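Peer 1: Structure of the sequence below:
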Amino acid sequence: MVWRRMVATVSSVGLVAAALLGPTASGAEAIVHKPRIPNHSATTTAAAWSSSNWSGYAITSGAPYNAITGTWTVPAAGSTKTATYSSNWIGIDGFNNSNLIQTGTESDNSHGRATYAAWWEILPASETRISSITVHPGDVMTASIVKGSGTSWTITLTDTTTGGSFSTVQNYTGPQTSAEWIEEAPQVGGKVATLAHYGQSTFDPGTVNGINPGLTTGDSGVMVQNRVQVSTPSKPDGDTDGFNVAYGSAVPAPPAS
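Peer 2: As a prediction, the model looks like this:
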């Protein structure tokens, strides 16, 4: 019980956090948030790139990236007959390499039962669930990933709706060549999962290296699974630091600035 109470504190550090929180819930298949998988066979006029596991915005022109922040609304996972998964997250790397440091939320559904969770992850490990944050659809999450001295990075995630918060310091040595705000179909049981019918989510606002990211449509990407476009971002909002992303092929309107 003493150790469990430690998990509920606002801050935990390094391997202590990993040991206390553990991997994905016992008995469940490991969920891994993989780098972008390009979908070169897909054609789209809604975005600059397409992928079988990512949609949203990724920037590469301001590297190296040493800090990213983001705010998003947790979407509801619609009822499906088979298991479907969706993740909202911010991260550094993964767009054009195999490295990735990230934190986010899950909105999953299996046989009509929706489940929600918070997590952090540094590849090649699978996600580590954050038990001190209880996630609900509609909750507003804020997150940051910031480089400290050497290879030390601080990952912070807060549910501003409920007040739950978590922070951990971890080692990361990736090249820092991209920064992302992503709606994802994670990998489950070694395969990219079918995307949950998540409706719509808003990422707004976000920063990179401490400033406005200056998002453009040239940074945006759609998700295509089985030749069907299943997730589509909006154009950036008026102050270029946010966007909406919606299930399906229709382009949603951007959020109000």
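
Peer 1: C-alpha from now on. contacts and neighbour counts both.
Peer 2: Fine.

Peer 1: any idea how far R129 is from T161?
Peer 2: 19 Å (CA to CA, to the nearest Å).

Peer 1: Settle it for me: which of these two has more neighbours?
Peer 2: R129 (23 against 14; other CA atoms under 10 Å).

Peer 1: Can you tell me the closest non-neighbouring residue to that one?
Peer 2: If you skip the residues right next to it in sequence, R129 has W119 as its closest partner in space, 4.3 Å away by CA to CA, 6 or more residues apart in numbering.

Peer 1: and the residue nearest the centre of the chain, what does it touch?
Peer 2: Centroid-nearest residue in the chain: W89, 1.5 Å away (criterion: CA atoms, centre = their mean). Listed by CA atoms under 8 Å, 6 or more residues apart in numbering, the contact set of W89 reads Q102, T103, G104, T105, W181, I182, E183, E184.

Peer 1: repeat for I122
Peer 2: By CA under 8 Å, 6+ apart, the residues touching I122 are N99, L100, I101, Q102, Y172.

Peer 1: The residues you listed into a markdown table, with extra columns for neighbour count, distance to A125 and pLDDT?
Peer 2: What follows is these, written out as a markdown table (neighbours: other CA atoms under 10 Å; distance: CA to CA, whole Å; pLDDT from 0 to 100):
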| residue | neighbour count | distance to A125 | pLDDT |
| --- | --- | --- | --- |
| N99 | 20 | 11 | 98 |
| L100 | 25 | 10 | 98 |
| I101 | 25 | 10 | 98 |
| Q102 | 26 | 11 | 98 |
| Y172 | 18 | 12 | 98 |
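
Peer 1: Those residues in strands, which ones?
Peer 2: Within the contacts of I122, membership in strands is found for I101, Q102, as judged by DSSP state E.

Peer 1: Tell me who's in contact with V146.
Peer 2: N66, A67, I68, W153, T154, I155.

Peer 1: buried subset of the residues you listed?
Peer 2: N66, A67, I68, W153, T154, I155 (16 or more other CA atoms under 10 Å).

Peer 1: can you pull out the strands in the stretch 1-150 of the chain?
Peer 2: For the stretch 1-150 of the chain, applying DSSP state E, counting those that start in this stretch gives strands covering 31-32, 49-51, 54-59, 67-73, 87-92, 101-110, 113-122, 128-129, 140-147.

Peer 1: what angle do the third one and strand 87-92 make?
Peer 2: Between the axis of strand 54-59 and that of strand 87-92 there is an angle of 20 degrees, by axes from the mean of the first three to the mean of the last three CA atoms, to 10 degrees.

Peer 1: List of residues touching strand 54-59?
Peer 2: Strand 54-59 has contacts (CA under 8 Å, 6+ apart) with 36-37, 95, 178-185, 215, 219-223, 231-233, 245.

Peer 1: Check stretch 208-217 too.
Peer 2: Contacts made with stretch 208-217 from outside it, assessed by CA under 8 Å, 6+ apart, are listed as 47-48, 57, 59, 65-69, 179, 206-207, 235-236, 239-242.

Peer 1: now do stretch 174-184
Peer 2: The list of residues contacting stretch 174-184 from outside it, by CA under 8 Å, 6+ apart, reads 33, 53-61, 63-66, 68, 70, 86-96, 99-100, 195, 203, 208, 231, 245.

Peer 1: First-to-last residue distance for it?
Peer 2: Start and end residues of stretch 174-184 are separated by 20 Å (CA to CA).

Peer 1: low-confidence ranges in the chain?
Peer 2: Low-confidence segments of the chain (pLDDT under 70): 1-28, 41-45.

Peer 1: cutoff 50 now
Peer 2: Within the chain, the stretches falling below the threshold (pLDDT under 50) are 1-27.

Peer 1: hey, where'd the helices end up in it?
Peer 2: Along the chain, the segments classed as helices by DSSP state H run 2-7, 14-21.

Peer 1: circling back to that earlier point, now the contacts of V146 in a markdown table, with distance to G199?
Peer 2: What follows is these, written out as a markdown table (distance: CA to CA, whole Å):
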| residue | distance to G199 |
| --- | --- |
| N66 | 32 |
| A67 | 29 |
| I68 | 25 |
| W153 | 33 |
| T154 | 31 |
| I155 | 27 |
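
Peer 1: Good, we can wrap up now.
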